[in-house]
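Undergrad: got a sequence here, can you build the structure:
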Amino acid sequence: MSIYQHTRYLLSAHDFSQSPEDSGAEVAFAGRSNAGKSSALNTITGIRGLARTSKTPGRTQALNFFGIDTERRLVDLPGYGFARVPEDIKRRWQRTLQQYFQSRRSLRGLFLVMDIRHPLSEYDVMMLEFCREMRIPVHVLLTKADKLNRGPAMAMLAKVRKELQERYGSPGVQLFSALKRTGAEEARKVLDEWLGVADGDSAEK
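TA: Take a look at the predicted model:
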């Protein structure tokens, strides 16, 4: 059984000060509103309903922390972009996210979720630039890959990979589909590396 199948909800921090103790290691999930971020987290862990999903952009309105074991966590971050929420809440999200990325010592990497039909949006590029500046490793999930036939999906993967390599070095990028569970194992291998998960690890640690 995968260690990620033991993942459980810990808490929601509407303010950075409410975050759990900054120890061990954690990996965050970020992306434009409605890009499939929470669905990706559920698929990778193998736990349906772990992170709340909704067709309404902006449903994730806090830093949602999930514990894998006592030393490892996953974090579902508020979506950015066209979320239909009041401006004061957007500003609060932005402030909280900035504090999180600048201050969280246990952060080991970021899964940047992009809808394969609309990759590298203005906000995605801003996040990539910020992570490069902060030296935060990034792995891109091109979600909803099932919405395209294989040929166009592979062509988009190649296009995004080329642009990422030219502009940001070599962040990882892969196809992903929560519906078809495409790419879940590949994503778990990245998590294993960032979180220091070895064969035989258990969630009882």
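
Undergrad: measure how buried residue 167 is and give me the count.
TA: Using other CB atoms under 10 Å, residue 167 has 13 neighbouring residues. Just so you know, the C-beta spots here come from the backbone N, C-alpha and C atoms, and that holds for glycine as well.

Undergrad: next up, the contacts around it.
TA: Contacts for residue 167 (CB atoms under 8 Å, 6 or more residues apart in numbering) come out as residue 128.

Undergrad: same deal with the one 3 residues further on?
TA: Going by CB under 8 Å, 6+ apart, residue 170 touches residue 164.

Undergrad: and it, helix, strand or coil?
TA: Assigned with DSSP: H, G, I helix; E, B strand; the rest coil, residue 170 falls in the coil class.

Undergrad: look up how far residue 104 lies from residue 174.
TA: From residue 174 across to residue 104, the span is 24 Å (CB to CB, to the nearest Å).

Undergrad: and for residue 22?
TA: 6 Å.

Undergrad: equivalent analysis for residue 154, please.
TA: Distance from residue 154 to residue 104, counting by CB to CB: 35 Å.

Undergrad: neighbour count winner among the two?
TA: Using other CB under 10 Å as the criterion, residue 154 and residue 104 rank with residue 104 on top: 17 against 13.

Undergrad: which strands and helices lie in contact with the strand or helix carrying residue 94?
TA: Element membership of residue 94 [criterion: DSSP states H and E] is helix 87-103. Contact here means 3 or more CB pairs under 8 Å, 6 or more residues apart in numbering; DSSP states H and E; on that basis helix 87-103 packs against helix 122-134.

Undergrad: could you give the angle of the helix it packs on to helix 87-103?
TA: Per axes from the mean of the first three to the mean of the last three CA atoms, to 10 degrees, the angle that helix 122-134 makes with helix 87-103 is 30 degrees.
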